[in-house]
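[1] Build me a model:
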Amino acid sequence: MDIIVKANQKLFEKEGDAMCKALEELMKDELEAQMLKGKAIGAVQGENRVNELNQKLINLGRIDDILKSVTDKLYQQKLFKEFNL
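    Residues are numbered from 1 along each chain as shown. Now for the predicted structure:
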């Protein structure tokens with residue numbers, strides 16, 4: 001089989017591309033559902049991370065840092081690193 005594929009490589013490339021497209025089409029709904037699920041999980045994790053940061057800052061009385069991090073994403077990232085979040 002290997003010899004046949006090597007001898008007709010261009011033919012098999014075209015058929016392989018067609019098969020990949022057909023599989024993508026068949027699995028389109030499942031792939032989209034998994035992408036949406038991943039985005040939802042990521043959003044929840046992001047919210048939890050921000051909430052945890054804010055809680056730590058509140059406990060330390062660093063309200064000004066919360067206010068600054070809301071508008072300054074670089075500063076927020078610095079705070080995430082500071083608190084290992």
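
[2] Give me the buried positions along the helix or strand where Leu74 lies.
    Using DSSP states H and E, Leu74 falls within helix 73-82. The neighbour-count check on helix 73-82 (16 or more other CB atoms under 10 Å) flags 76, 79 as buried. For the C-beta atoms, the positions are set from N, CA and C on the backbone; glycine is no exception.

[3] From the contact counts, what lies against it?
    In terms of contacts (3 or more CB pairs under 8 Å, 6 or more residues apart in numbering; DSSP states H and E), helix 73-82 is packed against helix 28-59, helix 63-71.

[4] Deepest-packed of those helices, please.
    Counting by mean count of other CB atoms under 10 Å, helix 63-71 has the highest mean neighbour count of the helices and strands packed on helix 73-82, with a mean of 14.

[5] Run through the neighbouring helices and strands of that one.
    helix 28-59, helix 73-82.

[6] still on that earlier bit, and the angle for the helix holding Leu74 with helix 28-59?
    Orientation check (axes from the mean of the first three to the mean of the last three CA atoms, to 10 degrees): helix 73-82 against helix 28-59 gives 80 degrees.

[7] re the thing from before, in terms of mean pLDDT, which of the helices and strands packed on helix 73-82 ranks lowest?
    In terms of average pLDDT, helix 28-59 trails the rest of these, at a mean of 93.

[8] quick one, that helix and helix 63-71 angle?
    Using the same axes, to 10 degrees: helix 28-59 against helix 63-71 is 160 degrees.

[9] Who are the packing partners of helix 28-59?
    Helices and strands touching helix 28-59, by 3+ CB pairs under 8 Å, 6+ apart, are helix 63-71, helix 73-82.

[10] Quick one: distance of that helix to the chain centre.
    10 Å (CA atoms, centre = their mean, to the nearest Å).

[11] residues making contact with the helix holding Leu74?
    Here helix 73-82 makes contact (CB atoms under 8 Å, 6 or more residues apart in numbering) with 49-50, 53, 57, 65, 68-70, 85.

[12] Mind doing that once more with 10 Å?
    Applying CB atoms under 10 Å, 6 or more residues apart in numbering, the contact partners of helix 73-82 are 49-50, 52-54, 56-57, 62, 65-66, 68-70, 72, 85.
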